[in-house]
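> compute the structure for the input listed below.
(one chain, ligands or ions: 1)
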Amino acid sequence: MIYLDWAATAPPLPEALRAAAGWHANPSSPHPRGRQAAAALASARQRLAGALGVEAAEIVLTSGATESNNLMLQSVLTLIHPERGLPRRDTLVIGAVEHDSIDGPAALLARVGFRVRRAPVGGDGAVDVDRLRALLDERTYLVSIQTVNNETGIIQPIAAAAEAVAGAARRFGTRMLFHTDAVQALGKVALPLGPHVHAASFSAHKVGGPRGVGALWVRSRAPVRFMQAGGAQEGGRRAGTENVSGAAGFAAAAGAAMPPDERAAAAATVMARLIDRVRATPGVVTIPADREPHDPRFSPFILKLAVPALPSEVTVRLLGDRGFCVSPGSACATGSRKRLRVLEAMRVPAEQAAGTLRVSIGPTTTAADLDAFASALRDAIRDAAGRLTARPAPELART
Ligand code: PMP
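Below you'll find the model as predicted:
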């Protein structure tokens, strides 16, 4: 099997598994085992902070990026006033192609009365910063734009977007938070944690760490309170017994993944070759159609394709039969119409949208793997086309 679904989850790294093994005491317990666990947690936090280039105290460990994103967006609930109800700053602005773990909580907040605006994207899936700026006003509480899209690999203009938000906050004489879901950026492209970015979400399992652990980085002094109440863990920002094993495994994986430069350069080389081959294959288009080999707009770890003549599920099965693991799109949107949300925002034609595939690679993917994939894709399309024409519909066959 050749695994080309790294954006869904990465195979665990041996050093992450080793680091995660053996922690079972509660780090809040005062006995020796508890103190050891607390020390392991502190050292994991420190190491993770080092990999991200932030302060250890700014890291809130969570159960994954879905929780990090929910924690961030739902923080607006802390502004509700017992008598006056919804706050004056009642508006969230999110990108039109965000992951479901941003779009979902935003939709829930909209149901209870908050205002949610979606910043439109161009045909390449990149947020249009001028149109984003036009959505900001004195009611804006938070803007959340992902760093890298998990389906297409587009790298969003985070520095420009965060600067536009900071400028608008100054103009309206208010505060606006800027958050980025950086899950698909960690270990892959430069992290955009510049001065106008206040918070970012991360997930361990996308970089070879354990599943079920993630982090929300929140800049110190950013004016934000969270809704997860209970114990005093994570500085009172996220209550709940800490996942020491997960944190240790996450820190080891993040340490191995950062900085991304060399691995990104290697990925860019093999991805460019795949894009060249795919563009020469009849019946296949890249999404967007003008994505060039070495296109700097995109993460070199993700490629979105369409085989318009075949439904995604058929192509995924035919490739699976030939030994390749690829996804139709985002794993979190599997089996739902939500899968088309991102493609609709990019105005991908319906006949292409029904036949898309996501190929996502990792640091151990080779040029030979991708050559084999390109050949298998060409053969699968040819065979399927042959079968479709060789077997006429039954009523036609009778005449
Ligand atoms: N955001 C993005 C961009 C993702 O790709 C994912 C993983 N599917 C998530 C958030 C959710 O991460 P997790 O699996 O850790 O909840």
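> the ligand versus Thr315, what's the distance?
Relative to the ligand, Thr315 is positioned 21 Å away (C-beta to the nearest ligand atom, to the nearest Å). The way it works is simple: take the backbone N, C-alpha and C, and place the C-beta from them, glycine included.
> my read: that residue touches Leu357, true?
Yes: counting by C-beta atoms under 8 Å, Thr315 touches Leu357, with 5.9 Å between them.
> need the overlap of contacts for the two.
Val307 (C-beta atoms under 8 Å, 6 or more residues apart in numbering).
> residues touching the residue nearest to Gln36 when sequence neighbours are not counted, list them.
Excluding its sequence neighbours, the residue lying closest to Gln36 (C-beta to C-beta, 6 or more residues apart in numbering) is Ala25, at 6.7 Å. By C-beta under 8 Å, 6+ apart, Ala25 lies in contact with 31, 33-34, 36-37, 244.
> and these, which of them are buried?
36-37, 244 (16 or more other C-beta atoms under 10 Å).
> quick one: which of those residues is nearest the ligand?
Nearest to the ligand, judged by C-beta to the nearest ligand atom, of the buried ones among the contacts of Ala25 is Val244 at 17.8 Å.
> now that closest one: closest residue in space, sequence neighbours ignored.
Excluding its sequence neighbours, the residue lying closest to Val244 (C-beta to C-beta, 6+ apart) is Trp23, at 4.1 Å.
> what does Gly246 give?
Closest to Gly246 by C-beta to C-beta, 6+ apart is Val213, at 3.2 Å.
> can you tell me how far the residue lying closest to Arg378 once chain neighbours are set aside is from Ile361?
Distances taken as C-beta to C-beta, 6+ apart place Thr281 nearest to Arg378, at 5.0 Å, with adjacent residues excluded. Distance, Thr281 to Ile361, using C-beta to C-beta, to the nearest Å: 18 Å.
> between those two, who's got more neighbours?
Ranked by neighbour count (other C-beta atoms under 10 Å), Thr281 and Ile361 place Ile361 first, with 25 against 16.
> list the contacts of that one.
Going by C-beta under 8 Å, 6+ apart, the list of residues near Ile361 reads 4, 6, 267, 270-271, 301-302, 369-370.
> okay but Gly95 is in contact with Thr147, surely?
No: shown here, Gly95 and Thr147 do not form a contact pair, counting by C-beta under 8 Å, at 10.4 Å.
> overlap in contacts, these two.
Gln156.
> how much space between the residue nearest to Arg378 and the ligand?
Taking C-beta to the nearest ligand atom, one finds Thr281 at 27 Å from the ligand.
> run through who's touching stretch 310-319.
Contacts of stretch 310-319 (C-beta under 8 Å, 6+ apart): 307, 326-329, 354-357, 373, 376-377, 380-381, 383-384.
> quick check: buried residues in it?
Buried, per 16+ other C-beta under 10 Å, within stretch 310-319: 310, 312, 315-316, 318-319.
> if we can go back for a sec, and the two most separated of the contacts of Ile361?
Ile302 and Asp369 (15.3 Å; C-beta to C-beta).
> and these two? which has more neighbours close in?
Taking other C-beta under 10 Å, Ile302 and Asp369 do not tie; Ile302 has more neighbours (23 against 17).
> ok, what's across the strand from the more buried one?
Ser360 (DSSP bridges).
> for the residue nearest to Arg47 when sequence neighbours are not counted, helix, strand, or coil?
Nearest residue to Arg47, sequence neighbours excluded (C-beta to C-beta, 6+ apart): Ala251, at 3.9 Å. Three-state assignment for Ala251 (DSSP: H, G, I helix; E, B strand; the rest coil): helix.
> how many neighbours does Ala251 have?
By other C-beta under 10 Å, 30 other residues sit near Ala251.
> could you check how far it is from Phe202?
The gap separating Ala251 from Phe202 is 11 Å, by C-beta to C-beta.
> that older thread, out of the buried residues of stretch 310-319, list just those in helices.
Among the buried residues of stretch 310-319, the members found in helices (DSSP state H) are 312, 315-316, 318-319.
> ok, the residues you listed vs Ala160, which is closest?
Ser312 (33.0 Å).
> for the closest one, give me the pLDDT.
At Ser312, the pLDDT value in this model is 94.
> what's the pLDDT at the closest residue in space to it that isn't next to it in sequence?
Leaving aside its chain neighbours, Ser312 sits nearest to Pro328 (3.6 Å; criterion: C-beta to C-beta, 6+ apart). What the model reports for Pro328 is a pLDDT of 91.
> could you check how far Pro328 is from the ligand?
14 Å.
> Leu305 - that's part of a strand, no?
Yes: assessed with three-state DSSP, Leu305 lies in a strand.
> wait, it touches Arg277, no?
No: using C-beta under 8 Å, Leu305 makes no contact with Arg277, being 11.2 Å away.
> what about Arg18, is that helix, strand or coil?
helix.
> count of residues packed around it?
Arg18 has 12 nearby residues by other C-beta under 10 Å.
> nearest residue to it other than its sequence neighbours?
Ala252 (7.5 Å).
> residue contacts, the nearest residue to Thr356 once chain neighbours are set aside?
Once flanking residues are discounted, Thr356 sits nearest to Ala306: 4.7 Å by C-beta to C-beta, 6+ apart. Contact analysis of Ala306 by C-beta under 8 Å, 6+ apart lists 284-287, 348, 352-353, 355-357.
> show me where the stretch 201-350 of the chain has strands.
For the stretch 201-350 of the chain, applying DSSP state E, counting those that start in this stretch gives strands covering 214-218, 285-286, 302-306, 324-325.
> so which of the ones you listed comes closest to Thr66?
Using C-beta to C-beta, the strands of the stretch 201-350 of the chain put strand 214-218 closest to Thr66, at 7.7 Å.
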